[in-house]
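Novice: My questions concern the predicted model and sequence given below.
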Amino acid sequence: MNRAELSQKIAQETGMTIKDSLSLVDIMTETIVKALQNGEKVEIRGFGSFIIKSREAREGRNPKSGEKISIAAKKTPAFKPGKELKERLNS
C-alpha cells in the first residue's frame with residue numbers, strides 16, 4: 001500500500017475527502033520525522049514505536065576489490081512493532 005492508497009482508504013473509512021486525508025497522512029509522517037530528528041521516540045499504542053538507532057563507526061571491505069574502507073557512524077530510523085500488532089499478524 002502506498003501513500004495514495006492509504007489516503008484513499010482513510011477517506012473511505014472516515015468520509016473525508018481524498019485531498020484532506022492525503023494532508024492528514026502527510027502531517028502524520030512529517031510529525032513523526034520531526035520527532036525522530038529531535039531524538040524523540042514516537043509510540044503509537046497497539047501499533048508500535050518509531051525509534052532512532054545509532055550505529056558505531058566500523059571498518060568494512062569493498063566487496064569488489066577487498067580494500068578496507070572506513071564506515072562512518074550514523075543514525076538510522078527503526079520500527080518496533082507493538083504487542084497487539086504482533087498478535088494480530090500471528091493469529
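Specialist: Yes, it's here.
Novice: now the strands: where do they sit in this protein?
Specialist: Taking DSSP state E to define them, one finds strands in the chain at 42-44, 48-55, 58-61, 68-71, 74-81.
Novice: doesn't Gln37 make contact with Lys75?
Specialist: No. Under the criterion of CB atoms under 8 Å, Lys75 is not in contact with Gln37, lying 9.5 Å apart. The way it works is simple: take the backbone N, C-alpha and C, and place the C-beta from them, glycine included.
Novice: Select, out of the strands of the chain, the one closest to Gly15.
Specialist: Smallest distance to Gly15 across the strands of the chain (CB to CB): 22.5 Å, for strand 42-44.
Novice: that older thread, just send the strands of the chain back as a markdown table, with mean neighbour count, mean pLDDT and distance to Leu24 too.
Specialist: Formatted as a markdown table, the strands of the chain follow (neighbours: other CB atoms under 10 Å; pLDDT from 0 to 100; distance: least, CB to CB, whole Å):
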| stretch | mean neighbour count | mean pLDDT | distance to Leu24 |
| --- | --- | --- | --- |
| strand 42-44 | 14 | 96 | 14 |
| strand 48-55 | 14 | 95 | 17 |
| strand 58-61 | 10 | 94 | 40 |
| strand 68-71 | 10 | 94 | 38 |
| strand 74-81 | 11 | 95 | 20 |
